[in-house]
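>>> how would this look folded up:
(chains A, B and C)
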Amino acid sequence: MLSYIIRRILLMFPTLIGMTFIIFAIVRMAPGLTTSGGMYTAGMLQSHQSQLAQQRFMARRLHLITRNGKPIPIAIQYVRWINRIIHGDLGTSIEFSEPVTKLVLQRLPVTLTINLISMVIIYLIAVPGGVLAAIYRGRLVDRIFGLGSLVLYSLPIIWVGSMLLGFLANPSFLNVFPSAGLHSTNTSKMSYFQFVFDYAWHITLPVLCLSYGGFAYLAKQVRGSYIDNLQQDFTRTARAKGLPPSTVLLRHVTQNSMLPMITIVGMTLPGLLGGSVIVEQIFSIQGMGRLMFEATYARDLPVIQSLALVTSAITLVSYLMVDIAYHMVDPRVTYD
Amino acid sequence: MTNLTAMPELSASAALPPPRGYWAVAMRKLLRPLLVKLCVLYIAAVLVISVLVPFIATGKPYIISLHTAHGLVTRYPLFADLTTRDYLTFLTAGMLIALAAIWRLTARVDLLRRRKLRWVSALTCISATVIAGVLVASLHHNQFDGTNYRHLMKSGRATGAIFAPIPWGYAQMEPLGRQAVNEMPSWRHWLGTDRSGRDVLSRMLWASRVAMGIGFVSQFIALSLGIIVGALMGYFSGVCDILGMRIVEMVEAIPTFFLILTFIAVFGRSTLMIMIILGVTGWTGYARFLRAEFLRIRQLDYIVAARASGAPLHSVLFRHMLPNGLTPVLVSASFGLAGAVTIESSLSYLGIGVRPPTPSWGGMLNAAGNPATVFHWFQALPPGFVLFLTVLAFNLVGEALRDAIDPRSFS
Amino acid sequence: MSDEPLLTVRNLQTHFWAGDGVIPAVDGVSFSIFHRQTLAIVGESGCGKSVTAMSILRLIPSPPGKIVAGEVFFKSQNLLAMSEKAIRRIRGGQIAMIFQEPMTSLNPVMSIGDQILEAIFLHQNVSPAAAVDIAVQSLRDVGIADAQRRLYEYPHQISGGMKQRVMIAMALVCKPRLLIADEPTTALDVTIQAQILELLAAVKRQNDMAVLLITHDLGIVAENADVVAIMYAGRIVEFADVYELFANPIHPYTRGLMACVPRLGAPHGRLTTIPGTVPSPASWPKGCRFEPRCALCTDDVRQRCRDHMPQLRQINDRHWAATFLAPGFDSAAATAPTLPFRRADQTPPGVPSTQGAL
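A predicted model of the protein is given here:
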């Protein structure tokens, strides 16, 4: 087992290196960032950045990619970049004039919390829903469920988000939900429970927006997986033993159906991270997604590069954990 | 011996239950094909609109007679107003229709001549289109026609005008004198006007062009990349496969939306660039899928038979494996299209998609105002709904196609 | 042993709803099994033999299947009319079943021990320690060495033949009165087949139970069965004592089947086949369902075969057949054919000894 984990982690490194290189290469291709030190203006998006910050960035950039006026080979630039990352230096944001590391550490927990809450909710609703659909396979309930989940899956977040906000958090209509942020202004006066309630109140709509698509997807997967296993011979064996349907379902079928679900946990997180760019923007949540959006809008390349890196690292780690979990749960997998 | 699959009776009723599934079967038989047909019709309608929108939603009349010093002069402002992009769109659409027609018409030709006939006529058709496109692009210059024909009609300086069904261009604003900003739906503007006084319906129809264009072109790029990489991996396996899969894994490790945003920050956001970016970031799924199909098909007897009978490598690859491996990949492109349309509108909603004044459903949603303060819901409802319908239609058709080619999914 | 049959099936009809049509997979099947008897149901793929077996324990997947008519009496209880809870006590406890595919019939993510213990706890009120003892003993009974260790192993860690042994152990752990074996050896290698059949014969003797053996292999039937029912297109077409059947097959389908079996020492030539295939239920003729493929049908009975469905009719005290070709066939339907348990002294003269028989 341990040797498997070690081998799996070692196998992760080539992917990690390749992935960092892809990110590095894309950002290196940005016009205006050549060794000639030409002006960094081509195709620029409008932003709040000052001319000064812009120039500072260019100077630093030039310092990083040239030595005595001669360009440093890309490979060496890459190694130096990696070296800085290992030492915790992700560069300095142009837009915010702050170290990117600090920004990421500020924003990451916000996003991760919301995403993890969404993920738990997705699983809590989608698994029973999918199981029910599988049990009533082919009947009306299942048909409605199938169409319903496809409809949910197809609903664009931007539409649902702005409609929810427009109708449920707008003074002209129902003003029942807060429209922005994660906390009310007077959090310092609140008791612990009030604080938690206030937080829950604020994240209700964002979490709803983040989770409905994932819910529809996962429920479909659960349904498919259960139907597959309900048709398996071992299910018939279990029934022939005289087991009640509930035991057949909850023990034999569930054990086998939950294995693929573990893999899907790992797939859900990257999807949610992408969705949080939109959701955090709609609901004005100061998370990593919003940071990514602001950085893209302002063409803040150090931040973009770092965020792409951080989210990819999160993805890789979640794949790794899922793989290990799968290997621990499934007895069929051998370690040699 | 029975291939009817086991499924526990989960009802606790003691007496023999009536055979279940009648209603479900009936519903499936009636509703599902109907729904799918409706979706195909809807997609076809959106495609037709996206191609022909210059004739449907524009402020320029088809024909108008102007009173000038030389007497009555007949003009065709709508046709004069067509841009190079319009002509290229028509050419492309025409080419696709011609290709489909060639395919259909040659269906009855005998097998020996059919293959050659199809290749020759398809290549002729494509090269003719390319030549025509190059000619149009180099010879045609976009004209800017700022005339307000409606005003001319009203003031009696023109007569006999035939306007388009929706007589508003996507960037055409109501004259400043009129208080026509953020108007509710009316007879003049069927879906109201936006914050600049532009017709929402006209913009919505024009936006279908952006959505379909970006969706189809980006998926075409993604499919081409994915098919090339996937086919190479699946056919040669070995080192090629291992290397290819590592690359696929590396690209997939970066969350797609973040990758797209990185690309946009680096390369800008013209419509063409967004097509390319969505294509370049979206090929991994297709490659993975085609590779898996190939690895499965390689084992099948008829491929082994083809190779054993001495068929050369490329022949086995292109005649036997590609057509059979490709079908599920093409079907999955329907979901890819839905995803591309969603991403395009999300980018435009965030303000980092296609540039204004080019209309996009996402951009229109954004233009409906800040939902938390001044929210013009009547501007947000239609584009969002159309976006939803389009995505749903592609997903539904994709699912129906997948069910149709998958013998396992009888339920 | 007893004059009462252990299990009586009467006019069983199981239909499947597929898309737009109804498939009567089992269309009026009747038979009885006595204590310690082995009844073999023989037929081609799709003739309804497995569906018959599954219908007895009401394991038919529903939808699309449903038992539309009939009675299944087991120890004077009608299995088809009892509550779901009551039939669950019968399943595994009184009537156990083993299946064709040992590879997939065991739950891949549960240890063998867990799967056996599950059956023990379900039907017997014993302490966990005692249950483990029973499980170990049951594995030893089916000839698995090192049973203690096997309990902790998973199905993928053992071979196919071993899996079928585990299936048998699991079925026998509650001492059922009847074992339904649905093609128990079809998916196994020939050498393993023989071992499993021997094992079945041995456990049958030990446990004093009856066996309903579903198979398409006449060789297995000859070796193991006491009584044989031949099924064709959802109906039993011939029912007889095994010796009587092999000595004197009456139904043209049975005779066709027997002619298909290649024999050692037979003159060289093409293997005999039955022309055509089993007709699909949609195109079943009104009369005899075998008539379109029948090689023995003569012109004088053909019209009758086409117009009327021949019913199962007693030929002699140990033989029933449903064909107009049998001498003196006039009378209409008979009730469920039953053959009492054959004692050793009843073995007809001139028939080889029954060592391998179950």
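>>> switch to C-alpha atoms for all contacts and neighbour counts from now on
Fine.
>>> ok, now which ones touch the residue of the stretch 101-250 of chain A found nearest chain B?
Relative to chain B, the nearest point of the stretch 101-250 of chain A is A:Gly166 (4.2 Å; Cα to the nearest Cα). Contact partners of A:Gly166, counting by Cα atoms under 8 Å, 6 or more residues apart in numbering or on different chains, are A:173, B:370-373, B:375, B:377.
>>> Ok, A:Gly287 next?
Here A:Gly287 is in contact with A:107-111, A:280 (Cα under 8 Å, 6+ apart).
>>> Would you mind listing the two of these that lie farthest apart?
A:Pro109 and A:Glu280 (13.3 Å; Cα to Cα).
>>> Pull up the distance across stretch B:169-183, start to finish.
Start-to-end span of stretch B:169-183 (Cα to Cα, to the nearest Å) is 17 Å.
>>> quick one: pLDDT of C:Gly265?
Here the pLDDT value assigned to C:Gly265 is 67.
>>> Could I get the average pLDDT for stretch A:123-131?
90.
>>> May I have it as CSV, with CA atoms only?
Taking Å, rounded to 0.1, in the frame of the first residue of the first chain, the C-alpha atoms of stretch A:123-131 are listed here in CSV:
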residue,chain,number,x,y,z
TYR,A,123,-23.4,14.4,-2.9
LEU,A,124,-26.1,14.6,-0.2
ILE,A,125,-28.8,15.3,-2.8
ALA,A,126,-27.5,13.6,-5.9
VAL,A,127,-26.8,10.2,-4.5
PRO,A,128,-30.3,9.5,-3.1
GLY,A,129,-31.8,11.1,-6.2
GLY,A,130,-29.8,8.9,-8.5
VAL,A,131,-30.6,5.8,-6.4
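>>> Buried residues, that stretch. List them.
Buried residues in stretch A:123-131, counted by 16 or more other Cα atoms under 10 Å in any protein chain shown: A:123, A:125-127, A:129-131.
>>> Closest to B:Ile64 out of those residues?
Nearest member of the buried residues of stretch A:123-131 to B:Ile64, counting by Cα to Cα, is A:Ala126, at 59.9 Å.
>>> Do any residues in the strand or helix carrying that closest one lie close to chain C?
A:Ala126 belongs to helix A:100-135 when assigned by DSSP states H and E. No: applying Cα under 8 Å from any Cα of the partner chain, one finds helix A:100-135 separated from chain C by no less than 10.9 Å.
>>> Is any residue of that helix near chain B?
Yes: interface with chain B: helix A:100-135 contributes A:Ile135 (Cα under 8 Å from any Cα).
>>> if we can go back for a sec, what about A:Pro109 and A:Glu280, which has more around it?
Just comparing A:Pro109 and A:Glu280: by other Cα atoms under 10 Å in any protein chain shown the higher neighbour count belongs to A:Glu280, 23 against 13.
>>> And the helix holding A:Ala126, what's buried?
So for helix A:100-135, counting by 16+ other Cα under 10 Å, buried means A:100-101, A:103-104, A:107-108, A:110-112, A:114-115, A:118-119, A:121-123, A:125-127, A:129-135.
>>> how far out from the middle of the chain is that helix?
9 Å (Cα atoms, centre = their mean, to the nearest Å).
>>> I'd like to check the angle between the very next helix or strand once past that helix and helix A:100-135, please.
Later in the chain than helix A:100-135, the nearest helix or strand by DSSP H and E is helix A:140-154. Angle between the axes of helix A:140-154 and helix A:100-135 is 160 degrees (criterion: axes from the mean of the first three to the mean of the last three Cα atoms, to 10 degrees).
>>> Model confidence at C:Gly82, what's the number?
Not quite, residue C:82 is Met, not Gly. 86.
>>> Is it part of a helix or strand, or is it coil?
coil (DSSP: H, G, I helix; E, B strand; the rest coil).
>>> Name the residues of chain C found near chain B, please.
Near chain B, when you scan chain C using Cα under 8 Å from any Cα, you find C:17, C:19, C:45-46, C:48, C:50-51, C:59-67, C:80-84.
>>> where in the stretch 151-300 of chain B is pLDDT low?
Under the criterion pLDDT under 70, the flagged ranges of the stretch 151-300 of chain B are B:175-179.
>>> how about the strands in it?
B:158-162 (DSSP state E, counting those that start in this stretch).
>>> What are the boundaries of the helices in it?
B:200-236, B:238-253, B:256-267, B:271-281, B:284-298 (DSSP state H, counting those that start in this stretch).
>>> Check chain C too.
Along chain C, counting by DSSP state H, helices occupy C:49-56, C:84-90, C:102-105, C:112-123, C:128-141, C:147-150, C:160-172, C:190-207, C:218-224, C:242-247, C:252-260, C:299-307.
>>> Check these for me: which has the lowest mean pLDDT.
helix C:299-307 (a mean of 76).
>>> Same question for it: list its buried residues.
For helix C:299-307, by 16+ other Cα under 10 Å, it's C:302, C:305-306.
>>> As a markdown table, these with distance to C:Thr272 would be great.
Formatted as a markdown table, the buried residues of helix C:299-307 follow (distance: Cα to Cα, whole Å):
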| residue | distance to C:Thr272 |
| --- | --- |
| C:Arg302 | 23 |
| C:Cys305 | 24 |
| C:Arg306 | 25 |
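>>> Just want the most central residue of chain A.
A:Leu273 (2.1 Å; Cα atoms, centre = their mean).
>>> Give me the angle between the helix or strand in which that residue is found and helix A:100-135.
Using DSSP H and E, A:Leu273 sits in helix A:254-282. Between the axes of helix A:254-282 and helix A:100-135, defined by the same axes, to 10 degrees, the angle is 130 degrees.
>>> For whichever helix or strand comes after helix A:254-282, the averaged confidence score.
Counting by DSSP H and E, the element after helix A:254-282 in chain order, helix or strand, is helix A:288-298. Averaging pLDDT along helix A:288-298 gives 89.
>>> B:Ile56: how many residues sit nearby?
B:Ile56 has 20 nearby residues by other Cα under 10 Å.
>>> quick one, what contacts it?
B:49, B:164-167.
>>> tilt between the helix holding A:Ala126 and helix A:288-298?
Using the same axes, to 10 degrees: helix A:100-135 against helix A:288-298 is 120 degrees.
>>> Counting by contacts, list what helix A:100-135 packs against.
Counting by 3 or more Cα pairs under 8 Å, 6 or more residues apart in numbering or on different chains; DSSP states H and E, the packing neighbours recorded for helix A:100-135 are helix A:140-154, helix A:192-230, helix A:254-282, helix A:288-298, helix A:301-329.
>>> and of these, who's closest to B:Arg209?
Nearest to B:Arg209, of those and by Cα to Cα, is helix A:140-154 at 19.7 Å.
>>> and B:Gly363, what element?
helix B:361-367.
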